[in-house]
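Undergrad: my questions concern the predicted model and sequence given below.
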Amino acid sequence: MGEVKARVVQSANVAFFQQAWDKAITTRLSFAQRESNNSQALEYELPNLWEAVQKSYQRKAWEFVVAFQDALRPFLDRRGHWSQSLTLNGWACEGAQASTDEISVVRFTHDRADILQQQGKYHEAEGLYQRCEAGYHALGEHTMAIKSRHMRWEPASYGNHATATGRSSAIQEKL
């Protein structure tokens, strides 16, 4: 009888903490979405937000990981939190693969290329943009494939800020 009671209590404790994490993740995601343009608030809450992101990943709660990616990536990139941005992007891509959401896998790969390009890692970004262009074509998303092609940089512009800036401006005009 004692063992049964102990298992019931343990089960109740697990359920309680599971619900607590569910609420914490949902609350923090809601905050990140609502404050997505408020860098100061996001910066202040980043440790708590990141804890919720990590817990979502550990629990394989892919829909939350993807939602955090969409809410936090612009902020992380603007503020130079490259490591966290790349980590979150990798987790979101893993989630899309687990969900067999091919278009999101390509989208997150394109986002990763954007992050690397912002860091000046043009050669790495170039390879990812090429993969994205092929992936978008294979999925029938030809407009997005063109966007991936236009994001690619010519080798002559690597390391040449004036050429890269001019090409970037020309690309933006086309979009």
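TA: Arrived safely.
Undergrad: would you check that residue 73 makes contact with residue 111?
TA: Yes: counting by CB atoms under 8 Å, residue 73 sits close enough to residue 111 to count as a contact (6.5 Å). Quick note: C-beta positions are derived from backbone N, CA and C, even for glycine.
Undergrad: ranges for the helices of the protein?
TA: For the chain, applying DSSP state H gives helices covering 2-34, 39-58, 62-78, 82-98, 102-118, 122-138, 142-151, 161-174.
Undergrad: rebuild those helices as a markdown table, extending it with mean neighbour count.
TA: Converted to a markdown table, these look like this (neighbours: other CB atoms under 10 Å):
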| stretch | mean neighbour count |
| --- | --- |
| helix 2-34 | 12 |
| helix 39-58 | 16 |
| helix 62-78 | 20 |
| helix 82-98 | 19 |
| helix 102-118 | 20 |
| helix 122-138 | 18 |
| helix 142-151 | 16 |
| helix 161-174 | 12 |
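Undergrad: now render those helices as TSV, adding mean pLDDT.
TA: Shown next, in TSV, are the helices of the chain (pLDDT from 0 to 100):
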stretch	mean pLDDT
helix 2-34	76
helix 39-58	96
helix 62-78	95
helix 82-98	96
helix 102-118	94
helix 122-138	93
helix 142-151	81
helix 161-174	49
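Undergrad: still on that earlier bit, any shared contact partners between residue 73 and residue 111?
TA: residue 89 (CB atoms under 8 Å, 6 or more residues apart in numbering).
Undergrad: which other residues reach stretch 62-82?
TA: Stretch 62-82 is contacted from outside by 25, 29, 32-33, 36, 39, 42-43, 46, 49, 52-53, 56-57, 84-85, 88-89, 91-92, 95-96, 98-99, 104, 108, 111, 114-115, 118-119, using CB under 8 Å, 6+ apart.
Undergrad: go again with 6 Å.
TA: Defining contact as CB atoms under 6 Å, 6 or more residues apart in numbering, one finds that stretch 62-82 is touched by 25, 29, 32-33, 36, 39, 42, 53, 56-57, 84-85, 88, 91-92, 95, 98-99, 119.
Undergrad: run the chain-centre distance for it.
TA: Centroid separation for stretch 62-82 versus its chain: 5 Å, with CA atoms, centre = their mean, to the nearest Å.
Undergrad: residue 151 is in contact with residue 129, isn't it?
TA: Yes: at 5.2 Å, residue 151 counts as touching residue 129 under the criterion of CB atoms under 6 Å.
Undergrad: for residue 133, give me its contacts.
TA: By CB under 6 Å, 6+ apart, the neighbours of residue 133 are 145, 148-149.
Undergrad: now it: how far from residue 147?
TA: Using CB to CB, to the nearest Å, one gets 9 Å for the distance from residue 133 to residue 147.
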